[in-house]
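Could you work out the structure for the sequence below:
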Amino acid sequence: MLIPSRDSGFIHPHSSEITPRSVYEDRRQMLKLMAGGAAGAALASWAGREAMAQVARPGKLAALAGARSAVAGSVSMEKLTDYKDASTYNNFYEFGTDKADPARNAHTLKTAPWTVEVEGLVKKPGKYGIEDLLKLSAQEERIYRLRCVEGWSMVIPWVGYSLAELIKRVEPQGNAKYVEFVTLADKATMPYVGSRVLDWPYVEGLRMDEAMHPLTLLAFGIYGEVLPNQNGAPVRLVVPWKYGFKSAKSIVKIRFVEKEPGTAWNKAAKQEYGFYSNVNPEVDHPRWSQATERRIGEDGLFAKKRKTLMFNGYEAQVGQLYAGMDLKKFY
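Residues are numbered from 1 along each chain as shown. I've put the predicted structure just below:
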């Protein structure tokens, strides 16, 4: 999400360069190493991953523990972004357009009581209190890379469960092709909702198979605690292979529809923000390259940018969703 200028373009904050990304290893790689006789090194790396899977709490908010996730690709081996950075460097335009605004202003958000309404082309529509959603499925810890369309990234330990768990409960009808997410737009508690930056409420959407993918997360916490307001409390979406603005925050409605829904940034600047918005280093933003990124918290005078990975490094898990598609046309 970017700040509009007077000529209806968007101002991109220039980012300093950072160090190269660390080597990512997942379960498949470990098994390959073991098969090749490099079991010692592989097990040492795997032990490091296991140690990361239970993140120390920052002690700021109520605890929300998550068990280790068995979903393929759900635990990155990369160094975690500091909680301070993840909770103070945010895009949440309902609370301001500067990165520090949400942390300063989101204390006004009232997260209890909270209800998420499920409607549209489902056999079992209904309203879910946040307490019901928290108990709907076992909470898991997922350590995902987060890539912003602006060219910066983080590594965040989320707590939640696959959105598919909720979708299966409500039983979508056969003609439900997309899932639309509507977020809170309350002028009384969100001081920038009246601004002209976007068409409120903030709306996002996924194709049904994207929404059902096990990596698509319904998140309730970060770093072993409930979500801070500025990070999308009390419930948000996390789609790690897409640019961050696709992950709707403070969700109040989930609607199942037949036609592709109009989404906030696609409506604001269709030529710059496509419906899919998959992380793709080969498809540049109209005004800057997407080939590289800077990792928040690792900036330095002599640091270099990291190379952006196709689908943000989740190509093995999600690439098949887009088989045969022209990813430059369907950006």
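
Give me the pLDDT value at residue 194.
Note on residue 194: pLDDT of 87.

Return the distance of the residue lying closest to it once chain neighbours are set aside relative to residue 94.
Distance criterion CB to CB, 6 or more residues apart in numbering; nearest residue to residue 194, sequence neighbours excluded, is residue 187 at 5.5 Å. All C-beta atoms are positioned from the backbone trio N, CA, C, and that covers glycine. Distance, residue 187 to residue 94, by CB to CB, to the nearest Å: 10 Å.

Find the residues that touch each one of these two.
Jointly contacting residue 187 and residue 94 under the rule CB atoms under 8 Å, 6 or more residues apart in numbering are residue 193.

who has more neighbours, those two?
Higher neighbour count among residue 187 and residue 94: residue 94, with 27 against 11, using other CB atoms under 10 Å.

tell me the secondary structure for that one?
Three-state call for residue 94 (DSSP: H, G, I helix; E, B strand; the rest coil): helix.

check contacts around it.
Residue 94 makes contact with 183, 184, 185, 190, 191, 192, 193, 200, 202, 250 under the criterion CB under 8 Å, 6+ apart.

Return the members of those classed as buried.
By neighbour count, with 16 or more other CB atoms under 10 Å, these hold 183, 184, 185, 190, 191, 192, 193, 200, 202, 250 as buried.

Spatially nearest residue to the third one (excluding sequence neighbours)?
Spelled out, it's residue 185. residue 201 (3.5 Å).

which residues in the protein form helices?
Taking DSSP state H as the test, the helices found in the chain are 27-35, 39-52, 83-86, 101-105, 130-136, 163-170, 208-212, 264-268, 315-318.

Other residues contacting the fourth one?
Helix 101-105 is contacted from outside by 87, 88, 90, 91, 92, 95, 96, 191, 192, 228, 229, 230, using CB under 8 Å, 6+ apart.

Residue 204 contacts residue 232, correct?
No: counting by CB atoms under 8 Å, residue 232 is not a contact partner of residue 204; they are 11.6 Å apart.

any common contacting residues for these two?
Shared contacts of residue 204 and residue 232, defined by CB under 8 Å, 6+ apart, are found at 247, 248.

ok, back up a step: could you single out the nearest of the contacts of helix 101-105 to residue 56?
Distances from residue 56 to these, taken as CB to CB, are shortest for residue 87 (14.7 Å).

ok, and the closest non-adjacent residue to the closest one?
residue 228 (5.0 Å).
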